[in-house]
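>>> Build me a structure from this.
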Amino acid sequence: MTTAVLAPVAGTAVGLAAVPDPVFSAGLVGPGAAIDPARRPGRVVAPIAGRIRKLHPHAFVVVGDDGRGVLVHLGIDTVQLRGEGFELLVAEGDRVGAGQPVLSWNPAGVEASGRSPVCSVVALDAFAEAVTGIAAGAVAAGDELFRWA
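Numbering: from 1, shown residues only. Sure, this is the predicted structure:
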């Protein structure tokens with residue numbers, strides 16, 4: 001079974017190695033991809049259909065019915081913003097469809113605070129070789145970002 005993981009934000013798809021945080025860039029959280037987001041306010045969408053298991057203003061985890069979890073982490077050190085510039089649109093425990101808005105944010109505001117707005121999208125508890133077809137270049141929110149076999 002293969003899961004299509006969607007881009008949660010619009011921007012430029014890049015490898016996790018480009019994320020300016022060693023926890024993500026070294027793949028310690030898991031394999032996946034990253035997006036250098038467009039610098040305009042926008043909505044962040046669910047990368048897969050499932051239930052919101054963890055929800056913070058700067059990050060969330062969606063777990064599909066097959067038990068696969070995908071982490072979306074918006075920016076680096078954004079937990080320090082204490083939710084400023086983020087607006088939750090769903091609640092922890094809610095079911096979401098792939099591509100459904102989960103929260104809104106302003107990547108330019110994150111950057112103005114001196115932080116990187118790069119978004120990491122990680123297949124939790126996956127083997128590196130299970131993630132294939134990683135997009136490169138421009139992506140829109142809801143486009144396929146990678147496949148999880």
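>>> If I look at Glu84, what pLDDT would I see?
We have a pLDDT of 92 for Glu84.
>>> what's the burial count for it?
13 (other Cβ atoms under 10 Å). For the C-beta atoms, the positions are set from N, CA and C on the backbone; glycine is no exception.
>>> With Ala17 instead?
Using other Cβ under 10 Å, Ala17 has 10 other residues around it.
>>> any chance you could map the helices in this structure?
Counting by DSSP state H, the segments of the chain that form helices are 22-25, 107-112.
>>> The ones you listed into TSV, with extra columns for mean pLDDT, distance to Phe127 and mean neighbour count?
Listed next are the helices of the chain as TSV, based on pLDDT from 0 to 100; distance: least, Cβ to Cβ, whole Å; neighbours: other Cβ atoms under 10 Å:
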stretch	mean pLDDT	distance to Phe127	mean neighbour count
helix 22-25	94	17	15
helix 107-112	96	30	19
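>>> mind checking which of those is nearest Pro57?
Proximity to Pro57 (Cβ to Cβ) singles out helix 107-112 among these, at 11.1 Å.
>>> Cool, thanks, signing off.
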